[in-house]
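Asks: let me see the structure of the following:
(chains A and B)
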Amino acid sequence: MSAALRTLSAHSSRLIVAVPWFWLALFFVLPFLFILKISLSEPQLAMPPYMDWVREFEDGLLTITLNFGNYVLLFEDELYRDALWGSFTVASISTLLCLLLGYPMAYAIARAPEHWRMPLLMLIILPFWTSFLLRVYAWIGILKDNGLLNQLLMSMGLIEQPLQILHTPVAVYIGVVYSYLPFLVLPLYATLIRLDNTLLEAAADLGARPARQFFTVTLPQSMPGIVAGSMLVFIPVMGEFVIPDLLGGPDTLMVGKLMWIEFFSNKDWPVASSLAAILLLVLIVPFVLMRHYEQRRQAEEEA
Amino acid sequence: MSQPRTLSNQSWSAPEEEPIVQIRNVTKRFGDVYAVDDISLDIHRGEFFSLLGASGCGKTTLLRMLAGFETPTAGRIIIDGQDMTSVPPYNRPVNMMFQSYALFPHMTVAQNIAYGLKNEPLNRAERRERVTSMMSLVQIQKLADRKPHQLSGGQRQRVALARALAKQPKILLLDEPLGALDKKLREQTQFELVNIQERLGITFIVVTHDQEEAMTMSSRIALLHDGRAEQVDSPRRMYEFPSTLYAANFIGSVNLFSGHVISHEKDMALIGSEETGGELLVHHSQPLAQGMPVTVAIRPEKIRVTDTGSGGANQVTGEIKEIAYLGDVSIYHVDLPSGKRMQFTQSNVLALAEQPLTWGQEVSLTWNTHSCGVLTQ
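Replies: Numbers count the residues shown, from 1 in each chain, chains lettered A, B, ... in the order given. Got it, this is the predicted structure:
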């Protein structure tokens, strides 16, 4: 290859890498900078409902006012702390529930006869063909006092009075687990299907019964899928607002819902923005963790 | 090529001792395909036994049935006096070294080797002791804390061997143990495997497609073809007295002449062949009938050049068409008047000696009655 051509290909490969960077800068970094800017300003009754940092007065004096009060408020007012903690609890427990439900599903699909795998995967993906909002509304119909679930339980004679499920934390968990389960099953399936079967044979050959084969080979080998799937559930559930709003009750406190209230009901954009900034910080931690696992897995696979 | 090894304690020629592995009429069918078709084999204690054959001959399936990964469609497998036909792999007194090595990627070398010891009645110190001795057996002590992806191919092969030997199995199964190594390393490792096997006295059963590898290492070889055992013999007998056309062709090179039996006595047969244009006198030990179509097999290195053609038995004359110089030997291709091409080899004793034989030259070739064999199938 000639030197000129090599330079050209180096340029073009840099160009290709530049596209996602540009995308990230335009649609992620820039909006976040806006959020950051708003979070450091003061609210006012106007359009937009916040004051600019830079205010010029008549005597030609330029003043820049940064308001850190929003962040101080977030740490002082229990409401916000509780909302963050509430989101964290819901996200953690839901991720755990999704894992307990999703791992056997992904495992069963990966182990199913080959002609069964595609139809089974389709069943996992099928709900995406209907609007997310519609599916959450459907759960209201199932869970409400005279809904399908209560009718079924009563007709079976299991209960006499309808159970109050809708507008309780239970309903939120049902909705979240139902909505986010596919995001865990799919990456987990992708790792399990690549699991080298001879590793299990080697374990069996060395005297390991099926249970020990699973815990010493399958489970550690599927760790990347577990981590990726858990992140795909945990991160969006942290910011989830539709499900707690529709299925949850007044005691369901989550950051997403609170942000909505601050933005649209209280018209306090600065506080809402600082909440968004804090949430992002909280989410960077698991994301870095995921990156770490991904890199280690790649190192092992290259071998 | 190295000499086939000879052992003093040839227990497998002692039929009174019970074989450690008895394969009884084992058949394995996948759908309509017979991967293994009614094979019966006895493998004796301390043997280095090879299952040799081209790909798809059923050798790996047979090995996997011994390990317990496949269940025979029919037949029985008895290991050390116990029927193991439907015993799961984790309850068999055998261990396997996989072709891909199948090392656990998330465990260190020492953890890999210790994996099978968890179910053994050993305390912690004994276990560590066993792992250490296994690592020194295959000379990988320094690699104890490495992960498999930090090892070279040859090192991984050693870890796989140590892991399979750690439980001190009665039988070690090896699936193409040297397949992934380069040629030089393969030759070294062949002898090392034989040494380890002799030192430990464990029965080794090796699957290989490489006839040279099987010849070098084995006490006996089973040549498999289309799911059946073509011939089971020592490497030496397999080479010198192939019992079928397939066996003669698979191992080494061979000249084959088709003909028919003119007359036969107890151990001698006179065979007429249009391809040689003469008669062939052959030592044999098979039942023959007059007029029966047979094939006579002669190895190229058993053929001598003579001065004059006397027209007797086991003598042909032809023209040298091709010469291949291989360093240690030269291979000569000769066309006979019948149009049949045959080959013979001569060692190159003197460096850069004037070739006594050259292209287009007429040569008379002959061989001993004991140097050829009669094949009836």
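Asks: where does chain A dip in pLDDT?
Replies: Along chain A, the parts satisfying pLDDT under 70 run over A:1-5, A:7-8, A:57-58, A:300-303.
Asks: got the domain boundaries for it?
Replies: Chain A breaks down by automatic domain parsing into domains covering A:14-67, A:78-302.
Asks: out of those domains, which comes closest to chain B?
Replies: Chain B lies closest to domain A:78-302 among the domains of chain A, at 3.4 Å (C-beta to the nearest C-beta). For the C-beta atoms, the positions are set from N, CA and C on the backbone; glycine is no exception.
Asks: residues touching residue 52, list them.
Replies: By default, I'm working from chain A. Residue A:52 makes contact with residue A:41, according to C-beta atoms under 8 Å, 6 or more residues apart in numbering or on different chains.
Asks: meant chain B actually
Replies: By C-beta under 8 Å, 6+ apart, the neighbours of residue B:52 are B:59, B:208, B:209, B:211, B:214, B:221, B:222, B:223, B:224, B:250.
Asks: quick revisit: redo the domains of chain A as a markdown table? Include distance to residue B:315.
Replies: Shown next, in a markdown table, are those (distance: least, C-beta to C-beta, whole Å):
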| stretch | distance to residue B:315 |
| --- | --- |
| domain A:14-67 | 75 |
| domain A:78-302 | 56 |
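Asks: pick the most deeply packed of those.
Replies: domain A:78-302 (a mean of 17; mean count of other C-beta atoms under 10 Å in any protein chain shown).
Asks: tell me if it is near chain B.
Replies: Yes - looking at domain A:78-302 against chain B by C-beta under 8 Å from any C-beta of the partner chain, the contacts come from A:196, A:198-199, A:201-209, A:212, A:216-217, A:220-221, A:223, A:299-300, A:302.
Asks: which non-adjacent residue is nearest residue 223?
Replies: Just going to use chain A. residue A:293 (6.9 Å; C-beta to C-beta, 6 or more residues apart in numbering or on different chains).
Asks: please refer instead to chain B.
Replies: Nearest one to residue B:223, counting by C-beta to C-beta, 6+ apart, is residue B:230 at 4.4 Å.
Asks: helix, strand or coil for that neighbour?
Replies: For residue B:230, the assignment made with DSSP: H, G, I helix; E, B strand; the rest coil gives strand.
Asks: and for residue A:85?
Replies: For residue A:85, the secondary structure call by three-state DSSP comes out as helix.
Asks: picking up where we left off before, keep only those of the residues of domain A:78-302 next to chain B that are in helices.
Replies: The helices, defined by DSSP state H, take in A:198-199, A:201-205, A:212, A:220-221, A:223, A:299-300, A:302 from those.
Asks: wait, which of the contacts of residue B:52 is closest to chain A?
Replies: Distances from chain A to the contacts of residue B:52, taken by C-beta to the nearest C-beta, are shortest for residue B:59, at 16.9 Å.
Asks: isn't the closest one up against residue B:224?
Replies: Yes - applying C-beta atoms under 8 Å, one finds residue B:59 in contact with residue B:224, separated by 5.1 Å.
Asks: can you name the residue of the stretch 251-377 of chain B nearest to chain A?
Replies: For the stretch 251-377 of chain B, C-beta to the nearest C-beta, closest residue to chain A: residue B:251, 29.8 Å.
Asks: give the contact list for residue A:42.
Replies: So residue A:42 contacts A:50, A:51, A:65, A:67, A:69, A:270 (C-beta under 8 Å, 6+ apart).
Asks: separation between the fourth one and residue A:268?
Replies: What that stands for is residue A:67. Computed with C-beta to C-beta, to the nearest Å, the distance linking residue A:67 and residue A:268 is 12 Å.
Asks: doesn't residue B:24 lie inside a helix?
Replies: No - counting by three-state DSSP, residue B:24 falls outside a helix, being strand.
Asks: nearest spatial neighbour of it, chain-adjacent residues omitted?
Replies: Residue B:24 sits nearest to residue B:76 (C-beta to C-beta, 6+ apart), 4.4 Å away.
Asks: how many residues are close by the one you found?
Replies: Residue B:76 has 15 neighbouring residues, counting by other C-beta atoms under 10 Å in any protein chain shown.
Asks: which element is it on?
Replies: Here residue B:76, judged by DSSP states H and E, is contained in strand B:74-79.
Asks: direction included, what does the helix or strand following that strand pair against?
Replies: Later in the chain than strand B:74-79, the nearest helix or strand by DSSP H and E is strand B:82-83. With DSSP bridges as the test, strand B:82-83 is paired with strand B:74-79 (antiparallel).
Asks: quick check: buried residues in the partner strand?
Replies: Buried residues in strand B:74-79, counting neighbours by 16 or more other C-beta atoms under 10 Å in any protein chain shown, are found at B:75, B:77, B:78, B:79.
Asks: hang on, the earlier thing: identify the residues contacting the residue nearest to residue A:223.
Replies: Taking C-beta under 8 Å, 6+ apart as the criterion, residue A:293 is in contact with A:223, A:224, A:227, A:228.
Asks: go again using 10 Å as the cut-off
Replies: By C-beta atoms under 10 Å, 6 or more residues apart in numbering or on different chains, residue A:293 lies in contact with A:223, A:224, A:225, A:226, A:227, A:228, A:231.
Asks: isn't the fifth one right next to residue A:288, touching?
Replies: It refers to residue A:227. No - between residue A:227 and residue A:288 there is no contact under C-beta atoms under 10 Å: 11.7 Å.
Asks: joint contacts of those two?
Replies: Applying C-beta under 10 Å, 6+ apart, one finds that no residue jointly contacts residue A:227 and residue A:288.
Asks: before we move on, back to that, how near is the residue nearest to residue A:223 to residue A:286?
Replies: 11 Å.
Asks: so what sits against both of these two?
Replies: With C-beta under 10 Å, 6+ apart as the test, residue A:293 and residue A:286 both reach A:227, A:231.
Asks: ok, back up a step: out of the contacts of residue A:42, which is nearest to residue B:105?
Replies: residue A:270 (50.2 Å; C-beta to C-beta).
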